[in-house]
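S.K.: Okay, predicted coordinates and the sequence, questions at the end:
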Amino acid sequence: MATTTVERPGVRTRGGVTVGQVDSRTKLFNRICFGVLIAFAVLWLIPLLWAMDTALKPNAETTKTTWLIQNPTFAAFTRTLQDTDILRWYVSTFIIATMTAVLTVITASMAAYALSQMHFRYKNVVFWFVLAGIMIPGQVLIVPQFREFDSIGLLNTFWAVVLPQVPTAVAVFIFKQFFDGLPRDLNEAARVDGAGYWRIYRTIIMPLTRPAVSAVAIFTFVQAWNNLLWPLLVLTNPKLMTIPVGLATVQGQFGIRYADTMASAILGAIPLIAVFLLFQRNIVEGVAGTGLKG
């Protein structure tokens, strides 16, 4: 008859620490982590709540530094929707962000598959050159990229905004770390059956990397949505403006009308908040899976 051993708080474990002490330390660590999370949540929520509070006030009340709203109104949101092309900016930004995310996933996964699963000379050197791109600030490339797109006639088009954002060293690194954790037997078995690299990549590897695809796609989508400097330089047509560029012009027009400015900022941030709320599980699974398998 099998017997079970029950550890009591006084029983000592390795290192002379009792089980009770381990439990107390674990509870203390969990409380500290919970407190840090609450602190970061408060730091993130206070500016958002203040923006909402300001947007619901009449412009005459926005100069008062108080949370109290005497006459709450949605007039600022109504003026923003009626007096600006924010709906058109939504469409333009969505198209640019979606194209950037799709092309980034395709190109980064193909490059990572070659660096992880294929064998060629100087593979590690190529990988380190790719990672070196993380250390190059994007502002350094603005002038040569602007002249390049100007010479080929792509300025003031969606492609001028999308193409410079597609090469992403971080995305290649994330995919490579995920691919390195996949069993090598999958590639070898497929090669024995006569499958080529492209077929292996398309039918075997990519279906297994959905968490990494989700994480890269969402992060790239958010980054492309928030990009301001490059679209501000290459887009002069008001019909093609993105949300950040349009909001910059709106703030210049509104001047000291803080309620309208905050309302436009909230309307521009709503899609990103919705993306995080809908796909937060995919983001966590992608980042956690990549880290564990790297």
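M.R.: Received the coordinates, thanks. Numbering: from 1, shown residues only.
S.K.: Send over stretch 133-151 as PDB, restricted to the C-alpha atoms.
M.R.: Extracted C-alpha coordinates of stretch 133-151, given in PDB (Å, rounded to 0.1, in the frame of the first residue of the first chain):
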ATOM      1  CA  GLY A 133      19.900  47.000 -38.100                       C
ATOM      2  CA  ILE A 134      18.300  47.400 -34.700                       C
ATOM      3  CA  MET A 135      21.100  49.900 -33.700                       C
ATOM      4  CA  ILE A 136      20.500  52.200 -36.700                       C
ATOM      5  CA  PRO A 137      18.100  55.000 -35.800                       C
ATOM      6  CA  GLY A 138      15.300  55.400 -38.400                       C
ATOM      7  CA  GLN A 139      15.900  59.200 -38.500                       C
ATOM      8  CA  VAL A 140      19.300  58.600 -40.100                       C
ATOM      9  CA  LEU A 141      17.700  57.000 -43.100                       C
ATOM     10  CA  ILE A 142      15.100  59.700 -43.700                       C
ATOM     11  CA  VAL A 143      17.100  61.800 -46.200                       C
ATOM     12  CA  PRO A 144      18.300  59.000 -48.500                       C
ATOM     13  CA  GLN A 145      15.000  57.200 -48.400                       C
ATOM     14  CA  PHE A 146      13.200  60.400 -49.300                       C
ATOM     15  CA  ARG A 147      15.500  61.000 -52.300                       C
ATOM     16  CA  GLU A 148      15.100  57.400 -53.300                       C
ATOM     17  CA  PHE A 149      11.300  57.500 -53.400                       C
ATOM     18  CA  ASP A 150      11.300  60.900 -55.000                       C
ATOM     19  CA  SER A 151      13.500  59.600 -57.800                       C
END
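S.K.: what mean pLDDT does that stretch have?
M.R.: For stretch 133-151, the mean per-residue pLDDT is 86.
S.K.: tell me which residues in that stretch are buried?
M.R.: Neighbour counts over stretch 133-151 (16 or more other C-beta atoms under 10 Å) mark 145-146, 149 as buried. Any C-beta I mention is one placed from the backbone N, CA and C, and that applies to glycine too.
S.K.: Show me where the stretch 1-150 of the chain has its helices.
M.R.: With DSSP state H, counting those that start in this stretch, the ranges of helices along the stretch 1-150 of the chain come out as 19-55, 75-83, 86-117, 123-132, 142-151.
S.K.: what's the closest of the ones you listed to residue 191?
M.R.: Across the helices of the stretch 1-150 of the chain, residue 191 has its closest neighbour in helix 86-117 (10.3 Å, C-beta to C-beta).
S.K.: in that closest one, what counts as buried?
M.R.: If you call a residue buried by 16+ other C-beta under 10 Å, then helix 86-117 has these buried ones: 86, 89-90, 92-94, 96-101, 103-105, 108-117.
S.K.: ok, the buried residues of stretch 133-151 vs residue 178, which is closest?
M.R.: Closest to residue 178 out of the buried residues of stretch 133-151 is residue 145 (29.4 Å), distances taken as C-beta to C-beta.
S.K.: Skipping adjacent residues, who's closest to that closest one in space?
M.R.: Leaving aside its sequence neighbours, residue 145 sits nearest to residue 164 (C-beta to C-beta, 6 or more residues apart in numbering; 5.4 Å).
S.K.: wait, what's in contact with that neighbour?
M.R.: By C-beta atoms under 8 Å, 6 or more residues apart in numbering, the contact set of residue 164 is 141, 145, 230.
S.K.: Show the low-confidence segments of the chain, by residue range.
M.R.: Along the chain, the parts satisfying pLDDT under 70 run over 1-22, 251-256, 285-294.
S.K.: I'd say residue 58 and residue 71 touch.
M.R.: Yes - between residue 58 and residue 71 there is a contact at 5.8 Å, judged by C-beta atoms under 8 Å.
S.K.: The two: which has the busier surroundings?
M.R.: Legend: neighbour count by other C-beta atoms under 10 Å for residue 58 and residue 71, higher for residue 58 (14 against 10).
S.K.: Give me the distance between that one and residue 269.
M.R.: Applying C-beta to C-beta, to the nearest Å, the value for residue 58 to residue 269 is 22 Å.
S.K.: Now name the helix or strand holding the residue nearest the centre of the chain.
M.R.: Centroid-nearest residue in the chain, with C-alpha atoms, centre = their mean: residue 219, separated by 2.2 Å. For residue 219, the element it lies in under DSSP states H and E is helix 210-226.
S.K.: coming back round to it: compile the buried residues of stretch 133-151 into a markdown table and extend it with columns for distance to residue 176.
M.R.: Shown next, in a markdown table, are these (distance: C-beta to C-beta, whole Å):
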| residue | distance to residue 176 |
| --- | --- |
| 145 | 25 |
| 146 | 31 |
| 149 | 29 |
